[in-house]
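Undergrad: how does the following fold in three dimensions:
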Amino acid sequence: MEYLYDNTFDGLLTCLYEHVYTEHADSIISVRPDIQISLGRQMQVETDLEKSEKVAHAIETKISPAALRRAYNAWLTAEDGKEMDVLRYVFLGFKLGKDIDRLHGSETVRRIDVLNHKVSWEADRILGILRFSVIQSPQGEVLYAAIHPNCDLIQTVMPHFLNRFRQDPFIIHDVGREKAAFAAEGSWVIRSLPKDFSPQYTPDEQQYRELWRGYFKTAAIDQRRNPSLQKHFIPTRYWQYLTEMQ
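TA: Numbers count the residues shown, from 1 in each chain. All right, here's what the predicted structure looks like:
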């Protein structure tokens, strides 16, 4: 049976519930516009918060809270087949209990390790290079930053920036996924925001951006340019949102 779900973690946990109580899943795929029609048997799984909470509670109690976090982080990646990777990991954990993460020789556990590393690696990169600019909004000036990561990282990096900007409203826009986190007064929500959103920079922000680009160009030493090393530390896919690279 091929399960189709809404590309939410609660939706995936609902699929794991149906895997037990309805029919075993041969594959779990998110519903997307580019999805190819399968000739096999399919079932649309509607996200059920009660079922997902039961599965989450079972993971925490029968395996560990860390296992639930690892399953969630694995789901945040953009890897094909991540849903079945999570399913195999969770049900292996139900058999082995909290000792599952010590089983480093298991391909199932190693795969989750790899996916978790992808998330933590990219989250560290985003924390280091995310650039905020001041834009105009109907409510006044707001800090705005755009990202286009491989992994779904907004919810991972938000606690850091919420602590950093405790008084300032800000927006982190995941352009590729067309969604954004809107934060103000210590709380935040995720809402849709189209990729063609065009921020209106304040006049002062425009000047600061020009000054930074000028400083970056002037301070550079031509004899010490090393594009390969630069791309190693900051891959080119991030450059389009760096002020000095625009």
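Undergrad: packing partners for the longest strand along the chain?
TA: The longest strand of the chain (DSSP state E) is strand 140-147. Under the contact definition 3 or more C-beta pairs under 8 Å, 6 or more residues apart in numbering; DSSP states H and E, strand 140-147 sits against strand 133-137, strand 170-174. Backbone N, C-alpha and C define where each C-beta goes, glycine included.
Undergrad: other residues contacting it?
TA: 126, 130-136, 153-154, 165, 168-175, 199, 202, 241 (C-beta atoms under 8 Å, 6 or more residues apart in numbering).
Undergrad: stretch 197-213 now?
TA: With C-beta under 8 Å, 6+ apart as the test, stretch 197-213 has contacts from 133, 134, 135, 136, 141, 144, 146, 173, 243, 244, 246.
Undergrad: sorry, back to before: now the buried members of the contacts of strand 140-147.
TA: For these, a burial check counting by 16 or more other C-beta atoms under 10 Å picks out 126, 130, 132-135, 153-154, 169-175, 199, 241.
Undergrad: can you tell me the element the spatially closest residue to residue 103 that is not a sequence neighbour falls in?
TA: Closest residue in space to residue 103, ignoring its immediate chain neighbours: residue 109 at 5.0 Å, by C-beta to C-beta, 6 or more residues apart in numbering. If you go by DSSP states H and E, residue 109 is part of helix 107-129.
Undergrad: residues of that helix that come out buried?
TA: By neighbour count with 16+ other C-beta under 10 Å, helix 107-129 contains the buried residues 108-109, 111-113, 115-116, 118-119, 122-123, 125-126.
Undergrad: which elements pack onto it?
TA: Helix 107-129 is packed against helix 65-75, helix 82-96, helix 154-164, with contacts defined by 3+ C-beta pairs under 8 Å, 6+ apart.
Undergrad: got TSV for those, with distance to residue 179 too?
TA: Output for these, formatted as TSV (distance: least, C-beta to C-beta, whole Å):
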stretch	distance to residue 179
helix 65-75	16
helix 82-96	18
helix 154-164	7
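Undergrad: could these go into a markdown table alongside mean pLDDT and distance to residue 102?
TA: Output for the helices and strands packed on helix 107-129, formatted as a markdown table (pLDDT from 0 to 100; distance: least, C-beta to C-beta, whole Å):
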| stretch | mean pLDDT | distance to residue 102 |
| --- | --- | --- |
| helix 65-75 | 97 | 12 |
| helix 82-96 | 96 | 9 |
| helix 154-164 | 94 | 25 |
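Undergrad: figure out which of those is closest to residue 21.
TA: helix 82-96 (13.4 Å; C-beta to C-beta).
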